[in-house]
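Novice: just coords:
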Ligand code: ADP
Ligand code: MG
């Protein structure tokens, strides 16, 4: 775990101090005529938990996908641990391994067991032996509370269990950070908490996390910072407390009035 220091970094935002891990500078992205990321600037430091929130279509997923190169950007730069994102090849596979990603729709490999889902990356990308990968995977499945499901196929698990497997799979690569894009929004209500609990534990353990979510409870419990996006812009960037109790922009006020 990274050392953290919760003293105020600036006059009005308390962040855990650390080195910058993700630095996003002047990033622009278009889909045809649509300007989906408008000169985005943001930094995420080690050990920090950033919640990204905003209306549907505001560019949250595009930003997440750009961070691990599932999307290209038109201009600007994104560095992870000081390194520019490679365009392709082995360096890109390495970078993707450093950035764990958990999607809304669980995205497990349907034809592999739960255990194989978690061991595949470490064996193929990290060159780990099968035995070591299995030992590690079982420990991670234990940690997210689904070790007893290891031999099953993903379709035999509930949505909440599948999403916890997806988190274990991301952790198996020892990522430098984890991106979670609406990890609970496809879940039945009774399963949301079991996934949020795992996420809160990870946050408490010092994992660097970028989480797109509208779960205010998670943001309040775990986030150091909230980034509010609308129409491709970062409109507000503040603490969860300030964002939820005293949003500054009209767009944030409108948005909150709809979700709260
Ligand atoms: P959010 O995650 O905030 O809902 P997205 O990043 O998914 O927003 O999308 C931002 C905008 O870009 C939306 O208007 C969406 O329709 C559009 N968009 C997303 N992906 C594509 C794509 N592959 N091609 C064209 N337009 C896209
Ligand atoms: Mg999205």
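Specialist: Received, thanks. Keep in mind the model is a prediction, meaning the values are calculated, not measured. Ligands and ions are numbered 1, 2, ... in the order given.

Novice: Let's see the pLDDT reported for whatever residue of the chain ends up closest to ligand 2.
Specialist: For the chain, the residue closest to ligand 2 is residue 61, as judged by Cβ to the ion, at 3.1 Å. (C-beta placed from N, C-alpha, C; glycine too.) Among the per-residue scores, residue 61 shows a pLDDT of 97.

Novice: With the one 3 residues further on instead?
Specialist: With respect to pLDDT, residue 64 has a value of 95.

Novice: now it: how far from ligand 1?
Specialist: 8 Å (Cβ to the nearest ligand atom, to the nearest Å).

Novice: now do residue 191
Specialist: Noted for residue 191: a distance of 21 Å to ligand 1, by Cβ to the nearest ligand atom.

Novice: So that residue belongs to a helix, correct?
Specialist: Yes - per DSSP: H, G, I helix; E, B strand; the rest coil, residue 191 lies within a helix segment.

Novice: which residues does the residue lying closest to it once chain neighbours are set aside contact?
Specialist: Nearest residue to residue 191, sequence neighbours excluded (Cβ to Cβ, 6 or more residues apart in numbering): residue 160, at 3.0 Å. When contacts are counted by Cβ atoms under 8 Å, 6 or more residues apart in numbering, residue 160 touches 187, 188, 190, 191, 192, 194, 195.

Novice: What separation do you get for the second one and residue 145?
Specialist: Spelled out, that is residue 188. For residue 188, the distance to residue 145 (Cβ to Cβ, to the nearest Å) stands at 17 Å.

Novice: Settle it for me: which of those two has more neighbours?
Specialist: residue 145 (15 against 10; other Cβ atoms under 10 Å).

Novice: okay, the more buried one: pLDDT?
Specialist: 96.

Novice: same check, this time on residue 2
Specialist: 43.

Novice: what do you get for residue 5?
Specialist: 46.

Novice: what about the strands in this structure?
Specialist: 20-31, 34-45, 49-53, 75-80, 83-84, 99-102, 177-181, 209-212, 225-230, 233-238 (DSSP state E).

Novice: distance between the fifth one and the chain's centre?
Specialist: By that I understand strand 83-84. How far strand 83-84 lies from its chain's middle: 19 Å, per Cα atoms, centre = their mean, to the nearest Å.

Novice: contacting residues around it?
Specialist: 77, 78, 95.

Novice: Who are the contact partners of the closest residue to residue 164 other than its chain neighbours?
Specialist: Nearest-residue entry for residue 164: residue 144, 4.0 Å, with adjacent residues in sequence omitted and distances by Cβ to Cβ, 6+ apart. Residue 144 makes contact with 164, 165, 167, 168, 198 under the criterion Cβ under 8 Å, 6+ apart.

Novice: Just list the residues touching the first one, thanks.
Specialist: To tie it back to what came earlier, the one meant is residue 164. 144, 145, 146, 194, 195, 198 are the contacts of residue 164 under Cβ under 8 Å, 6+ apart.

Novice: repeat that for 10 Å
Specialist: Residues counted as contacts of residue 164 (Cβ atoms under 10 Å, 6 or more residues apart in numbering) are 102, 106, 114, 140-141, 143-146, 149, 157-158, 183, 191, 194-195, 197-199.

Novice: What residues does the protein have near ligand 2?
Specialist: 60, 61 (Cβ under 5 Å from the ion).

Novice: related to what we said a few turns ago, winner for burial among the strands of the chain?
Specialist: Of all those, strand 49-53 has the most neighbours on average by mean count of other Cβ atoms under 10 Å, namely a mean of 26.

Novice: Taking strand 225-230 as reference, get the angle to that strand.
Specialist: 20 degrees (axes from the mean of the first three to the mean of the last three Cα atoms, to 10 degrees).

Novice: does any part of strand 49-53 sit near ligand 1?
Specialist: No - using Cβ under 6 Å from any ligand atom, strand 49-53 stays clear of ligand 1, coming no nearer than 8.4 Å.

Novice: related to what we said a few turns ago, buried subset of the contacts of residue 164?
Specialist: 102, 106, 114, 140-141, 143-144, 146, 149, 157, 183, 191, 194-195, 198-199 (16 or more other Cβ atoms under 10 Å).
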